[in-house]
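[1] requesting a structural model of the entry that follows:
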Amino acid sequence: MLKRILIVCCLPVVLAGLFVYSHGHASAEGYTEKVFWAGYNQVTVVNPAVPEIVASIKIKGPARDMSFTEDGKKGLFLGNGRTTLYVVDTVQNKVIDEINLSGRTDTGLLDRRVFGSTISPDGTKAYAFVTQGEKQVNRYKLLPSKILEIDLKTKEVLRSTEAPYGVHVLQFNLEHPGKILVWGYDLYTLDVKEMKLTLTHGIKHPEKPEDGSTNMLLLFPRDRESNMNIAPVITSYPDGRVIEGILWYDFKTEKLKTVAFDKEPVGMFSAVSNLERTHAYVIMNHWYKVDMKTGHVIKDIYPPTGTIYDMNMSADGKKLYLGGGGNDFIIADMDMNVQKILKMPTDGWNMKVVRVKN
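    Numbers count the residues shown, from 1 in each chain. Sure, this is the predicted structure:
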């Protein structure tokens, strides 16, 4: 009798666990892992544990920036020719609101294009870097580029501050609340309380010319995997040397570090670090495993399906996810052995690994 009671009592829990597993990978840490794949006219949601496609979130045009609240339950996607922000419920996998940043002025139409956006950790505000101009009857008047603070409930622009051209990524630093990293040719920090922008690190424009001018391809910001941001870089020095490597930013210490590869430059598009920060993985037409201390390329192979734009890491740090440039979502182990390939409904550009709290 006791055994029968235990089975009856436990059955709902087991069924609930099976339901969560079918819609995302539930972990002992109390979250469900989902992968959001930025495609064309949609963002595809993947349960990487199977792997399988569990939802398709419809938007207009190519999906661009994807950012998420601290609990992972709300997202902000950019689409519609960089003019519209889509607010998304990541539990129900559906768009719950749209914000179009175009409008009218006293003398014309306000034309805004977003190149970098992010949602606040609590999901109440959005921040967007915009280039903007005014379409008048017989001319186009260029206006200063700005970072806008937007109330997600009223859709109103609350505040703004001018920002330099070339910004392409905005990213909250969860280790230092109230700070947004503003990645452009150089790295800036936005103090949200004061809405004040400050130059933090010269990257393309270093303080000392002998440090070299670095071009950074930070299209896919990392923030939740190894508590750092990492990107491929090319550095040109005054003596004519050109070196390829990686740059990473530690969210806690707020320090930048770089290391050069011990190989000739080949061009890379995306990078990710393991949880221990001992090895980085870098990809485009080559796929590297790199010693983060020395820059030694430990392994150099060709990607499994040709050119790949983006790479990310599972929430538990045990798998690599590859994709972008085509419609293959690829799962590999940390030694770069391909385990599974899932065909996606559209070509992709970017993917984000999200921990949605249960």
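[2] which helix or strand contains Gly245?
    Secondary structure assignment for Gly245, by DSSP states H and E: strand 242-250.
[3] for the helix or strand that comes right after that strand, packing partners?
    Using DSSP H and E, the next helix or strand after strand 242-250 towards the C-terminus is strand 255-260. Based on contacts counted as 3 or more Cβ pairs under 8 Å, 6 or more residues apart in numbering; DSSP states H and E, the elements that strand 255-260 packs against are strand 228-236, strand 242-250. From N, CA and C alone the C-beta is placed, and that goes for glycine too.
[4] mind listing what's buried in the first one?
    Translated: strand 228-236. 228-235 (16 or more other Cβ atoms under 10 Å).
[5] and the two most separated of these?
    Spatially, the most separated pair among the buried residues of strand 228-236 is Met228 and Ile234, at 20.0 Å (Cβ to Cβ).
[6] so, low pLDDT: which residues of the stretch 1-150 of the chain?
    1-28 (pLDDT under 70).
[7] what segments of it are helices?
    In the stretch 1-150 of the chain, the helices defined using DSSP state H, counting those that start in this stretch lie at 2-23.
[8] any stretches of the stretch 151-300 of the chain with poor pLDDT?
    By pLDDT under 70, the low-scoring segments of the stretch 151-300 of the chain are 225.
[9] the strand holding Gly245 vs strand 255-260, what angle?
    Interaxial angle, strand 242-250 versus strand 255-260 (axes from the mean of the first three to the mean of the last three Cα atoms, to 10 degrees): 150 degrees.
[10] what packs against strand 242-250?
    strand 228-236, strand 255-260, strand 268-273, strand 279-284.
[11] adjacent strands (with direction) for the third one?
    According to DSSP bridges, the neighbouring strands of strand 268-273, each with its direction, are strand 279-284 (antiparallel).
[12] with the longest one instead?
    When sheet partners are counted by DSSP bridges, strand 228-236 sits next to strand 213-216 (antiparallel), strand 242-250 (antiparallel).
[13] deepest in the core, which of these is it.
    Among the strands paired with strand 228-236, strand 242-250 has the highest mean neighbour count (mean count of other Cβ atoms under 10 Å), at a mean of 20.
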